[in-house]
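coordinates only, no sequence provided:
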């Protein structure tokens, strides 16, 4: 089963009784989750970004480990490492409530 396409975003909706309800919506506008607090909503909203960050880190590490230490591609691999970690940092920042 595929998850709702990302990116996901935290939104605060007004319930019929006037209460504010935090939720998460996908890129297609579909509701992903309704939650009790904004902190949980922010964390869930960054799930696709966290998944992508982890995928990039794993792919980067796999690629790095397959090259010879004296190979001229070391610099290119380090650039990929930096980009993967930038993705991870942005996802973490989003998860804790900062702008990505």
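Thanks, I have the structure now. Since this is a predicted model, take the numbers as computed values, not measurements.

which residue ranges form the strands in the chain?
In the chain, the strands defined using DSSP state E lie at 9-14, 20-25, 31-34.

what's the last one packed up against?
On a contact count with 3 or more CB pairs under 8 Å, 6 or more residues apart in numbering; DSSP states H and E, strand 31-34 meets strand 20-25, helix 38-45. To be clear about C-beta, it is placed using only N, CA and C from the backbone, and glycine gets the same treatment.

got the buried residues for the shortest one?
Burial within strand 20-25, assessed by neighbour count using 16 or more other CB atoms under 10 Å, is assigned to 22, 23, 24, 25.

tell me the average confidence for that strand?
In this model, strand 20-25 has a mean pLDDT of 92.

give me the contacts around that strand.
Applying CB atoms under 8 Å, 6 or more residues apart in numbering, the set of residues contacting strand 20-25 from outside is 8-15, 31-38, 40-41, 44-45.

same deal with stretch 51-62?
Under the contact criterion CB under 8 Å, 6+ apart, stretch 51-62 has outside partners 6, 77, 80, 81, 83, 84, 85, 87, 88, 90, 91.

if I look at the third one, how far off is residue 27?
Read that as residue 80. As judged by CB to CB, to the nearest Å, residue 80 and residue 27 stand 26 Å apart.

who's more crowded, these two?
For the pair residue 80 and residue 27, the greater number of neighbours falls to residue 80 (18 against 12), based on other CB atoms under 10 Å.

please report how far the more buried one lies from residue 16.
Per CB to CB, residue 80 is found 49 Å from residue 16.

and the helix or strand bottoming out on mean pLDDT in the chain, what's buried?
Counting by mean pLDDT, DSSP states H and E, the chain has its least confident helix or strand at helix 47-65, which shows a mean of 77. When burial is assessed from 16+ other CB under 10 Å, helix 47-65 yields the following buried residues: 47, 48, 49, 50, 52, 53, 56, 57, 60, 64.

between it and strand 20-25, how many degrees?
An angle of 40 degrees separates the directions of helix 47-65 and strand 20-25 when computed by axes from the mean of the first three to the mean of the last three CA atoms, to 10 degrees.
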